[in-house]
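K.L.:
sequence unknown, structure follows:
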């Protein structure tokens, strides 16, 4: 097993190294061949590992591969923890990554930096695998930072564009804020538990359930609450939750394939995976669970509203990602970890599908991304159209599609939760169903229906994308439709996560949901409010954007203040630019004036130089060049020494 696991991790890394360091020698064909081979090997072996754990009852693998350092009894190691949660994450990450690699051959065919891009996405896959396969906090942090670094490189792939360099720096800085809380949480774990190993920390956690610490003043803080919230701040950055969500929409500056990889299956799901993995800690703090749930529900609803007014096809899907991540986070706060992970899995497939379908449309439109310039594309790009339709139906939770089972389970779990804030979260999640259907099918109808693109040149040259683009769309559409129905039973209400996730008896919201079969769950779902809200959102989108587009224009004019707020994204960017960026600039200028100019340059450098110059200007008068002056000075000095000696004796 150790050999298989090392191969899974190292195969993408080897491909990335070869494609990156030897890009000129191997060329484009060599670059995509070696990286696809590496990720393909990792995918096949990951599916084998999933098969062994899901169907053959393979035991949990928890072994150390390499001990890096031991400091005062604290072991810093590289190791693998392979259970059903890890196996599922490995299969999802490698499969979606493989689809993105294949798709990239067509999408990036005429782009500069072709080999560099393949090197980056293979390295990204390696980083995410290291994160999900870790059995300790040190390796988790390594993978956490590695995906952040590679995402910085990928978002700024078009580094000659000012918008791209601004976007990747924004993503990097916002994630540093979250990672500061994350590393403080890991430091607290190391300090109080004396270990970074998951197994040891989780076993000792109940002993610290009532432990308190003093941070400042005389106030006592729950140790578990502090640790869990600090760790979750890291997840807020990585999984783009309010208010650390501002980087993700701007990250659309990167090429479309990486949008699918980062924002569907890998980086942004790291936060959900981490919180679920830490369930033995979070179950000991209801305060932390409430915090998680409220943040998730707030993100799910309010970020979805912004998607309604977006006109860039990729940004609509990006705000959809923000909203769906909020649903996952809310599920974790309700202790429905299995539901959050189940939605993570289903979402990975249909969101990757939507991003790649958007990329296919962008190719056909000669890189015009404004949905207002599109229309009628279904006649020219049938495969892209049908796969995008399937992805959209999965996203809104249409009955039978994968998103239906996972989203309904989250809403039901939050509804049954007794944790503070559950009522607020439930209202927002239910309302978010209507919003999701509205912005999803607004985009669908504007892009694929209507008379046709306004640009006659684009319309004349519009045709279906090549097979390397459409094949991944078809392969992603299949699980987008069927994976929910196939796995809802064992993953949510069966024993798939037994022994992996920890849920307190008083928090077992999924246990309160009546479930007999996937078909029964489906029949119950079509009688519930979320289904009718989704259908209402679809119907409103159809009527407004295909029959009466004047309604949308009139509403935008009549409620221009609402449109202004949503279009400005609630002012988060302006606030950050004015307060944090502006404040940082003012602080930097003040430090430059006081510290650099006044103290360093003024006092230390120039001041010392002026002092030496002044002293030299005084001392130089002693140097007269007259021999008798020097003789007299020697005599006076000698007499002074003799006098001092006589007085001492």
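P.N.:
Right, received. Where do you want to start? This is a predicted model, so every value here is computed, not measured.
K.L.:
could you point out which element follows the longest strand along the chain?
P.N.:
Ordering each strand of the chain by length in residues (DSSP state E) puts strand 61-71 first. Heading C-terminal from strand 61-71, the first helix or strand you meet, by DSSP states H and E, is strand 74-82.
K.L.:
quick one: that next one to strand 61-71, angle?
P.N.:
Here the directions of strand 74-82 and strand 61-71 differ by 160 degrees (axes from the mean of the first three to the mean of the last three C-alpha atoms, to 10 degrees).
K.L.:
Just the mean pLDDT for strand 74-82, thanks.
P.N.:
Confidence over strand 74-82 (mean pLDDT, whole number) is 91.
K.L.:
And the next helix or strand past it?
P.N.:
Next along the chain after strand 74-82, with elements defined by DSSP H and E, is helix 84-107.
K.L.:
Give me the buried stretch members for that next one, please.
P.N.:
Of the residues in helix 84-107, those buried by neighbour count under the rule 16 or more other C-beta atoms under 10 Å are 84-107. For glycine as for every other residue, the C-beta is placed from the backbone atoms N, C-alpha and C.
K.L.:
On the three-state scheme, the residue nearest to the spatial centre of the chain is what?
P.N.:
Averaging the C-alpha coordinates of the chain gives a centre point, and the residue nearest to it by C-alpha atoms, centre = their mean is residue 268 (2.4 Å). Using DSSP: H, G, I helix; E, B strand; the rest coil, the structure places residue 268 in helix.
K.L.:
Contacts only, for residue 497.
P.N.:
By C-beta atoms under 8 Å, 6 or more residues apart in numbering, the residues touching residue 497 are 84-85, 337-338, 341, 491.
K.L.:
Flag the least confident of those.
P.N.:
The lowest pLDDT within these belongs to residue 491, with 89.
K.L.:
What count of nearby residues applies to it?
P.N.:
A total of 25 residues lie near residue 491 under the criterion other C-beta atoms under 10 Å.
K.L.:
Ok, the one 10 residues further on next?
P.N.:
Summarising burial for residue 501: neighbours were counted as other C-beta under 10 Å, giving 21.
K.L.:
What of residue 399?
P.N.:
Using other C-beta under 10 Å, residue 399 has 15 other residues around it.
K.L.:
Name the SS class of it, please.
P.N.:
In the three-state summary, residue 399 is assigned as coil, counting by three-state DSSP.
K.L.:
what's the nearest residue to it if we skip its chain neighbours?
P.N.:
Leaving out its chain neighbours, the residue that sits closest to residue 399 by C-beta to C-beta, 6 or more residues apart in numbering is residue 526, at 5.3 Å.
K.L.:
For residue 342, see how far away the closest residue to residue 92 other than its chain neighbours is.
P.N.:
On the basis of C-beta to C-beta, 6+ apart, the spatially nearest residue to residue 92 that is not a chain neighbour turns out to be residue 348, at 5.0 Å. As judged by C-beta to C-beta, to the nearest Å, residue 348 and residue 342 stand 11 Å apart.
K.L.:
immediately after the worst-scoring helix or strand of the chain on mean pLDDT, which helix or strand?
P.N.:
Lowest mean confidence among the helices and strands of the chain (mean pLDDT, DSSP states H and E): helix 456-460, at a mean of 65. Under the assignment DSSP H and E, the closest C-terminal helix or strand after helix 456-460 is helix 467-488.
K.L.:
between the following helix or strand past that following helix and helix 467-488, how big is the angle?
P.N.:
Using DSSP H and E, the helix or strand that directly follows helix 467-488 along the chain is helix 518-525. Comparing the axes of helix 518-525 and helix 467-488 via the same axes, to 10 degrees yields an angle of 90 degrees.
K.L.:
residues contacting the residue nearest to the centre of the chain?
P.N.:
The neighbourhood of residue 268, defined by C-beta under 8 Å, 6+ apart, consists of 238-240, 248, 262, 321, 325.
K.L.:
Residue 208 and residue 223 touch, don't they?
P.N.:
Yes: between residue 208 and residue 223 a contact is recorded at 5.4 Å, counting by C-beta atoms under 8 Å.
K.L.:
If you count surrounding residues, which of these two has more?
P.N.:
Applying other C-beta under 10 Å to residue 208 and residue 223 shows that residue 223 carries more neighbours, namely 22 against 18.
K.L.:
Distance of the more buried one relative to residue 471?
P.N.:
Remark: distance between residue 223 and residue 471 (C-beta to C-beta) = 51 Å.
K.L.:
now residue 158
P.N.:
Using C-beta to C-beta, one gets 26 Å for the distance from residue 158 to residue 471.
K.L.:
got the residue ranges for the strands in the stretch 101-250 of the chain?
P.N.:
212-214, 220-222 (DSSP state E, counting those that start in this stretch).
K.L.:
Would you pull up how far stretch 624-644 lies from the middle of the chain?
P.N.:
Computed by C-alpha atoms, centre = their mean, to the nearest Å, the chain-centroid distance of stretch 624-644 equals 79 Å.
K.L.:
And stretch 464-479, by the same measure?
P.N.:
When distances are taken as C-alpha atoms, centre = their mean, stretch 464-479 is centred 25 Å away from the chain's centroid.
K.L.:
buried ones in that stretch?
P.N.:
Neighbour-count burial for stretch 464-479 flags 464-465, 468-473, 475-477, 479 (criterion: 16+ other C-beta under 10 Å).
K.L.:
again, but for stretch 2-9
P.N.:
By 16+ other C-beta under 10 Å, the buried positions in stretch 2-9 come out as 5, 8-9.
K.L.:
from the residues you listed, which is closest to residue 80?
P.N.:
The shortest distance between residue 80 and any of these, using C-beta to C-beta, involves residue 5 and amounts to 5.1 Å.
K.L.:
which residues are in contact with both of residue 208 and residue 223?
P.N.:
residue 192.
K.L.:
if I look at residue 72, how far off is residue 64?
P.N.:
18 Å.
K.L.:
ok, these two, which is more surrounded?
P.N.:
Each of residue 72 and residue 64 had its neighbours counted (other C-beta under 10 Å), and the higher figure belongs to residue 64 (13 against 5).
K.L.:
pretty sure the more buried one is in contact with residue 70, am I right?
P.N.:
No: look at residue 64 against residue 70 with C-beta under 8 Å: they stay out of range, at 11.7 Å.
K.L.:
any shared contact partners between the two?
P.N.:
The contact sets of residue 64 and residue 70 do not overlap (C-beta under 8 Å, 6+ apart).
K.L.:
Find the nearest non-adjacent residue to residue 266, please.
P.N.:
By the measure of C-beta to C-beta, 6+ apart, the closest residue to residue 266 outside its immediate chain neighbours is residue 128, 4.4 Å from it.
K.L.:
tell me the contacts of that neighbour?
P.N.:
Residues near residue 128 by C-beta under 8 Å, 6+ apart: 93, 97, 143, 147, 266-267, 270.
K.L.:
Residue 316 too?
P.N.:
Residues near residue 316 by C-beta under 8 Å, 6+ apart: 307, 310, 371, 439, 442-443.
K.L.:
Could you dump the residues you listed into a markdown table with distance to residue 433 and pLDDT added?
P.N.:
As requested, these are arranged in a markdown table below (distance: C-beta to C-beta, whole Å; pLDDT from 0 to 100):
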| residue | distance to residue 433 | pLDDT |
| --- | --- | --- |
| 307 | 13 | 91 |
| 310 | 19 | 90 |
| 371 | 22 | 89 |
| 439 | 12 | 93 |
| 442 | 15 | 93 |
| 443 | 17 | 93 |
